[in-house]
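>>> okay, structure incoming, though there's no sequence with it:
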């Protein structure tokens, strides 16, 4: 096989654009990256080292976009964490410090489960058929989160203060652990985290904000850990395509996060639940028949 | 009150011990290939030269979390948290 033909540039552009949108929309980026090539009949092996290396940069691009979008928040959060470490405690009213530690506590279970089970789960469930079936389950999960959510009182004007007041450390652990569902292609990280946020009493906007902040270190760290793979033997033949896909992914991720932060000011997860259910069902029927 | 203080100290002591143990485990994962890991370690595999770097990172991060917990637990008591 000619290495240059592993993933063509047009396909890299499509996969990059798709990754940027689907990573942040609660519709499972991994699921779409597995299902779409299957639907289009592309000869892409989702578990092959070259494909995993190709995806590394698109994930890194998404994480950098999130970091850039919430840059000011991250500076405040890191300063808050620094203050709390210096004072050996979270001062009453220090929402930035509380939010920072909520993110740390939420990241630990997702990080550990990801580090230990990522490869196993991806290998076990990477077929388009299973990804399509899990996309249906993702739709059900999003709708269930809407049905079971607690009504959020709108009191404080600052988003981070609201999140810090509403979310406790056990809640953050649960929301962080739920994110790990995204290791299974078809389940969405942001969807699971937003659903968890709604369940603990956040508004849609705050749940989305918390989910994006929580996702940034996880997506970024996972990508950075796999970067050597891209620059090693496994990246031969896909490096250029990965860079092009990363640029596309960054562009759509930026548009997606901007859109979603406005969307969730007034709207719910229900449209995404319906999309996942219908698209997953249609893809399942296609792959089974 | 005294009992509470004793429990607090016990928790801090346990967190520090666990933190040290986990950092040692992390170093072992980074330094030794899978075949040389103690048999009770997850990831031990006879004849494998693979280094379980990710297992090491996970152990290191949890160890660090134990130290942070101990650090906060030994800090000055505060009246009321934000939540």
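Ah, there it is. Please read these numbers as outputs of a predicted model, since none were measured by experiment.
>>> all helices for the stretch 51-200 of chain A, in order.
Taking DSSP state H, counting those that start in this stretch as the test, the helices found in the stretch 51-200 of chain A are A:71-87, A:95-125, A:128-148, A:159-166, A:169-179, A:189-199.
>>> mind giving me the packing neighbours of the shortest one?
In this structure, helix A:159-166 packs against helix A:71-87, helix A:95-125, helix A:204-231, with contacts taken as 3 or more Cβ pairs under 8 Å, 6 or more residues apart in numbering or on different chains; DSSP states H and E. Every residue, glycine included, has its C-beta placed from N, CA and C.
>>> TSV for the ones you listed, including mean neighbour count and mean pLDDT?
Converted to TSV, the helices and strands packed on helix A:159-166 look like this (neighbours: other Cβ atoms under 10 Å in any protein chain shown; pLDDT from 0 to 100):
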stretch	mean neighbour count	mean pLDDT
helix A:71-87	16	95
helix A:95-125	21	87
helix A:204-231	21	91
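>>> for chain B, which of these is the nearest?
Nearest to chain B, of all the helices and strands packed on helix A:159-166, is helix A:95-125, at 4.3 Å by Cβ to the nearest Cβ.
>>> check contacts around the closest residue to chain B within the stretch 1-150 of chain A.
Proximity of the stretch 1-150 of chain A to chain B (Cβ to the nearest Cβ) peaks at residue A:88, 2.5 Å away. Applying Cβ atoms under 8 Å, 6 or more residues apart in numbering or on different chains to residue A:88 gives the contacts B:71-72, B:74-76.
>>> what about the closest residue to residue A:149 other than its chain neighbours, how many neighbours?
Nearest non-adjacent residue to residue A:149, counting by Cβ to Cβ, 6 or more residues apart in numbering or on different chains: residue A:198, 3.8 Å away. By other Cβ atoms under 10 Å in any protein chain shown, 27 other residues sit near residue A:198.
>>> please name the residues that touch residue A:198.
By Cβ under 8 Å, 6+ apart, the residues touching residue A:198 are A:145-146, A:148-150, A:204, A:207, A:269.
>>> again, only this time at 10 Å
A:142, A:145-152, A:175, A:204, A:206-208, A:211, A:268-269 (Cβ atoms under 10 Å, 6 or more residues apart in numbering or on different chains).
>>> of the residues you listed, buried ones?
A:142, A:145, A:149, A:152, A:175, A:204, A:206-208, A:211, A:268-269 (16 or more other Cβ atoms under 10 Å in any protein chain shown).
>>> dump the residues you listed to JSON lines, plus distance to residue A:158.
Formatted as JSON lines, those follow (distance: Cβ to Cβ, whole Å):
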{"residue": "A:142", "distance to residue A:158": "27"}
{"residue": "A:145", "distance to residue A:158": "24"}
{"residue": "A:149", "distance to residue A:158": "22"}
{"residue": "A:152", "distance to residue A:158": "14"}
{"residue": "A:175", "distance to residue A:158": "20"}
{"residue": "A:204", "distance to residue A:158": "17"}
{"residue": "A:206", "distance to residue A:158": "11"}
{"residue": "A:207", "distance to residue A:158": "16"}
{"residue": "A:208", "distance to residue A:158": "16"}
{"residue": "A:211", "distance to residue A:158": "18"}
{"residue": "A:268", "distance to residue A:158": "23"}
{"residue": "A:269", "distance to residue A:158": "24"}
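>>> quick one, phi/psi of residue A:202?
Dihedral pair for residue A:202: phi -80, psi 160, per degrees, to the nearest 10.
>>> same question for residue A:7.
Here is the backbone geometry of residue A:7 (degrees, to the nearest 10): phi -140, psi 120.
>>> burial of residue 58, as a residue count?
Assuming you mean chain A. Here the number of neighbours of residue A:58 (other Cβ under 10 Å) works out to 31.
>>> wrong one, chain B
Per other Cβ under 10 Å, the neighbour tally for residue B:58 reads 23.
>>> hang on, it packs against residue A:221?
No. Look at residue B:58 against residue A:221 with Cβ atoms under 10 Å: they stay out of range, at 11.4 Å.
>>> shared neighbours, these two?
A:111, A:114-115.
>>> so which of those also contact chain B?
Among the shared contacts of residue B:58 and residue A:221, the residues lying close to chain B (Cβ under 10 Å from any Cβ of the partner chain) are A:111, A:114-115.
>>> point out where the chain drops to low pLDDT.
Using chain A. Scanning chain A with the threshold set as pLDDT under 70 gives A:1-5, A:151-157.
>>> chain B is the one I meant
B:1-4, B:77-83.
>>> tell me where it has helices.
For chain B, helices defined by DSSP state H occupy the ranges B:2-31, B:53-73.
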